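> Whatever this is, show me its structure:
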Amino acid sequence: MRDSARMIAQQYRLYIERRDPGRNMARFYVLSIEETLFGHARLVRRWGRIGTTGRMVQHSFDDEGEAVGLFLELLRAKRRRGYRPKFGARHAETAPSA
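Coordinates of the predicted model:
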């Protein structure tokens with residue numbers, strides 16, 4: 001039986017972009033932490049060219065803290081590479097079909 005205390009404490013979702021018109025670069029990166037059906041934490045990463053579905057990778061963890069650690073590590077790496085939040089617009093994202 002699943003212990004309700006193990007539920008994800010907070011929503012983690014981030015959308016960032018990197019644009020450089022001189023290099024014809026328009027990329028997005030999405031990070032989110034979700035709860036699996038079994039009560040574990042799952043970090044979902046999506047990335048690609050803006051306007052495409054892009055690629056997706058999922059990482060599963062027994063502990064939410066581990067997922068948050070990887071979330072923050074990936075965020076720091078992307079910030080160093082020039083990714084920034086996009087302000088003033090909602091991003092309509094479609095979930096990949098299963």
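> so where's the protein uncertain?
The model of the chain has pLDDT under 70 over residues 1-7, 88-98.
> The residue nearest to the spatial centre of the chain in helix, strand or coil?
Central residue of the chain (Cα atoms, centre = their mean): residue 31, 0.8 Å from the mean position. Reduced to three states with DSSP: H, G, I helix; E, B strand; the rest coil, the structure at residue 31 is strand.
> I'd like to know how many residues surround residue 32.
17 (other Cβ atoms under 10 Å). Any C-beta I mention is one placed from the backbone N, CA and C, and that applies to glycine too.
> hmm, I was thinking of residue 87
5.
> for residue 17, same thing?
17.
> Just the buried positions in the helix or strand hosting residue 17, please.
If you go by DSSP states H and E, residue 17 is part of strand 12-20. Across strand 12-20, burial judged by 16 or more other Cβ atoms under 10 Å covers 12, 15, 16, 17, 18.
> do stretch 50-67 as well
Those would be 54, 61, 64, 67, for stretch 50-67 by 16+ other Cβ under 10 Å.
> before we move on, what SS does residue 69 have?
Once three-state DSSP is applied, residue 69 turns out helix.
> if I look at it, how far off is residue 41?
The gap separating residue 69 from residue 41 is 11 Å, by Cβ to Cβ, to the nearest Å.
> which one of the two has more residues nearby?
Legend: neighbour count by other Cβ under 10 Å for residue 69 and residue 41, higher for residue 41 (25 against 13).
> Contact partners for that one?
8, 33, 34, 35, 60, 61, 62, 63, 64, 66, 67 (Cβ atoms under 8 Å, 6 or more residues apart in numbering).
> do the same with residue 34
Counting by Cβ under 8 Å, 6+ apart, residue 34 has contacts 8, 41, 42, 44.
> Surely residue 13 is in contact with residue 31?
Yes: with contacts counted by Cβ atoms under 8 Å, residue 13 reaches residue 31, the gap being 7.3 Å.
> now residue 73, what's its secondary structure?
Reduced to three states by three-state DSSP, residue 73 is helix.
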